[in-house]
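J.: Requesting a structural model of the entry that follows:
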Amino acid sequence: SYIAAFLVLVGMPAWSSAQQRPNVLFFGVDDLRPELESYGSEFMHTPSITRLAERGTQFNNAYCQVAICAPSRTSLLTGLRPDITRIWTIGPYFRKTMPNGPTVKTLPQWFKEHGYNTTGIGKIFHPGVASGGPTRDEGGADMPYSWSEPYFFCDQFTNDTVQSTAMQDWPNGTGCVQSQKCIECFEQAGTWGHPISLATTDCPDECYPEGLISNEAVRRLDFYGSKQREAEAANAEAEPFFLAVGFKRPHLAFKAPHKYFDLYPNDSISLAKNRNKPTGVPDVAMYMSGEIRGYPDVKSLATIANCQTEMPDWKALNLRKAYYSSVSLTDAHLGLVLDALDSNGLSNNTIIVLWGDHGYQLGEHGEWGKCTNFELGTHVPLIISAPNQKQRGTKSQAMVELLDLFPTLVDLAGLPQAPDLQGKSLIPILDDPQATVKEMAMSQFPRQVVCGRKGTPLSHSPMGYTIRTPLYRYTEWVRFNYSLAEPHPIWDEVQGTELYLHTGSAESSMDAFENENVAPDPKYAAVVKSLHDKLVANVNRSSGRE
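T.: Modelled structure (predicted):
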């Protein structure tokens, strides 16, 4: 037909009624920065992510919209920017903050309403109140809107207890449950009940959320595979699936079995080269590592000096090793899920996506954690593999955002586009890795605690907006009106400005950039003015205030 020919021409799939609609395998990983083998960090042991990159397109310049879990995931899963969802921190639920919250369509909900079986495992939405749960950390997951069946919760508290409504004995609770043998193993290791920032044990992978999550994902894929074979035998179409698999680690605490720690000998671990904050940076830009300093073993060692976190080198090295080991634990279990997809004959008709919800700092700029507008806070891994992809094993340098996943997946599946999405489809880049779809990526962050001073309520916190172009990162911290009716920045009340040069940034280097704020330098005045105008225009346009 004319329409089908047009869709093929513009790079969109033209699924006919005789074709099986594509499935979606949707991997999310908490706190994963793009320090991975496929991104140029050769010392990392991440063969499963490399394997996925080889069958799809890796986006080397992908950015989150807020460098903290709940707002980033809300933005990704609604396809809307934080000033639209009114979610800037962990806590509120977008269906309660947005004027049209109950009718907003999420990514899995859109697939569900178009004939897909949508299933969630692990951490996709931020759990608890942030996704409709009754307590800070439990339940939620945007049930019943987004999922076809009860959500499989599986997270972990800092004391080694897995976190799910089933493990915590809620009525009709669902999700992962640790065996008694696992509890006894952690008790023997001396980690059970102790909130520490890092630990390694001889306990099997199935005692950790990553093993429990992959076990459930494999079980689901085995079920989908059997349904697919039954449908083929009957010359019918199986119900397509949207399977979301959210891995906990490398989120704190950095914990994994010994075999993953053994992948990183002590002499292979180095400290960040840029352990001081950028020269000329405004205080409001600094996070001061609040999350990791909450762990007793770090709190007793870390100090705040000049708005940055300092700790003994041996502790910093141990934390970096533990983070990398946690990444390899997740990579191994991601690989088991990919194996199950292949063994069930589902790979050829499944769209696969891997995303991290935000970046992470491991001592760079004196920061530990997320919660900044720096490159390492906002830069995320993103890989997409599609059944009908023209080129595989490619890497794109185009500026893209997590916001772009919603329209991209809808296009790849041949579904009608959801209304009011603010991202752009990345199909042109899947077809041609040299293509671009946008000039810049934009992130933001509200700063509630500035350089050790007493914290302020969100309503009085400055908002930092940052844009990343191929050559620059430009950031402005301004006063912000947090009214849910019409939130907006107040551009003439600026509390800090930053400009960082990204000419020559090495793909594999995590500590070679953003070390000097050149915004005050008069020779960059024209650049600052140009980027300021672009930032203001982009914020106003995305918020409907043009």
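
J.: how about the nearest residue to the residue nearest the centre of the chain, chain neighbours excluded?
T.: Taking CA atoms, centre = their mean, the centroid of the chain lies closest to residue 357, which sits 1.1 Å from it. In space, and not counting its chain neighbours, residue 357 is closest to residue 72: 4.7 Å by CB to CB, 6 or more residues apart in numbering. Any C-beta I mention is one placed from the backbone N, CA and C, and that applies to glycine too.

J.: circling back: I figured the residue nearest to the centre of the chain hits residue 33, correct?
T.: No. If you go by CB atoms under 8 Å, residue 357 and residue 33 don't touch, sitting 10.8 Å apart.

J.: Overlap in contacts, these two.
T.: Taking CB atoms under 8 Å, 6 or more residues apart in numbering as the criterion, residue 357 and residue 33 both touch residue 380.

J.: Can you dump the C-alpha atoms of the lengthiest strand in the chain in PDB for me?
T.: Identified as the longest strand of the chain according to DSSP state E is strand 488-501. As requested, the backbone C-alpha atoms of strand 488-501 are provided in PDB (Å, rounded to 0.1, in the frame of the first residue of the first chain):
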ATOM      1  CA  HIS A 488       8.800  27.800  35.700                       C
ATOM      2  CA  PRO A 489      12.400  29.200  36.000                       C
ATOM      3  CA  ILE A 490      13.000  32.900  36.800                       C
ATOM      4  CA  TRP A 491      15.800  33.600  34.400                       C
ATOM      5  CA  ASP A 492      16.800  37.000  35.800                       C
ATOM      6  CA  GLU A 493      17.700  35.500  39.200                       C
ATOM      7  CA  VAL A 494      20.800  33.500  38.300                       C
ATOM      8  CA  GLN A 495      22.800  31.800  41.100                       C
ATOM      9  CA  GLY A 496      25.600  30.300  39.000                       C
ATOM     10  CA  THR A 497      26.700  29.800  35.400                       C
ATOM     11  CA  GLU A 498      29.000  27.100  34.000                       C
ATOM     12  CA  LEU A 499      30.600  26.500  30.600                       C
ATOM     13  CA  TYR A 500      32.800  23.400  29.900                       C
ATOM     14  CA  LEU A 501      34.600  22.700  26.700                       C
END
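
J.: tilt between the following helix or strand past it and strand 488-501?
T.: On the C-terminal side of strand 488-501, the nearest following helix or strand under DSSP states H and E is helix 525-542. Interaxial angle, helix 525-542 versus strand 488-501 (axes from the mean of the first three to the mean of the last three CA atoms, to 10 degrees): 140 degrees.

J.: Show me what helix 525-542 is packed up against.
T.: helix 82-85, strand 441-446, strand 463-468, strand 472-481, strand 488-501 (3 or more CB pairs under 8 Å, 6 or more residues apart in numbering; DSSP states H and E).

J.: neighbours around the nearest residue to residue 361 once chain neighbours are set aside, how many?
T.: Nearest residue to residue 361, sequence neighbours excluded (CB to CB, 6+ apart): residue 367, at 4.0 Å. Close neighbours of residue 367, defined as other CB atoms under 10 Å, add up to 27.

J.: Let me know the distance separating residue 367 from residue 269.
T.: 18 Å (CB to CB, to the nearest Å).

J.: And for residue 339?
T.: Distance from residue 339 to residue 269, by CB to CB: 29 Å.

J.: wait, the residue nearest to residue 357 sits on residue 359?
T.: No. Counting by CB under 8 Å, residue 72 stays clear of residue 359, with 10.1 Å between them.

J.: Spit out the residues that contact these two alike.
T.: Residues touching both residue 72 and residue 359 (CB under 8 Å, 6+ apart): residue 64.

J.: where does the stretch 401-546 of the chain dip in pLDDT?
T.: The stretch 401-546 of the chain contains residues with pLDDT under 70 at 452-455, 504-511, 545-546.

J.: Model confidence score at the residue nearest to residue 347 when sequence neighbours are not counted, please.
T.: Of all residues beyond its chain neighbours, the one nearest residue 347 is residue 341 (5.2 Å), with distances taken as CB to CB, 6+ apart. Residue 341 is assigned 98 on the pLDDT scale.

J.: got the buried residues for the longest helix that the chain contains?
T.: When the chain is parsed with DSSP state H, its longest helix is helix 313-343. For helix 313-343, the neighbour count (16 or more other CB atoms under 10 Å) marks 315-316, 318-338, 340-341 as buried.

J.: quick one: residue 192 from residue 184, how far?
T.: Distance of residue 192 to residue 184, computed by CB to CB: 9 Å.

J.: what sits against the residue lying closest to residue 419 once chain neighbours are set aside?
T.: Sequence neighbours aside, residue 105 is the residue nearest to residue 419 in space, at 7.9 Å (criterion: CB to CB, 6+ apart). Contacts for residue 105 (CB under 8 Å, 6+ apart) come out as 78, 113, 418-419.

J.: Phi and psi next, for residue 105.
T.: The phi and psi values for residue 105, taken as degrees, to the nearest 10, are phi -100, psi 130.

J.: got a list of what residue 287 touches?
T.: By CB under 8 Å, 6+ apart, the neighbours of residue 287 are 367, 369-372, 377.

J.: Surely residue 210 and residue 329 touch.
T.: Yes. Here residue 210 reaches residue 329: they are 5.3 Å apart, a contact under CB under 8 Å.

J.: Show me the common contact partners of the two, please.
T.: With CB under 8 Å, 6+ apart as the test, residue 210 and residue 329 both reach residue 249.
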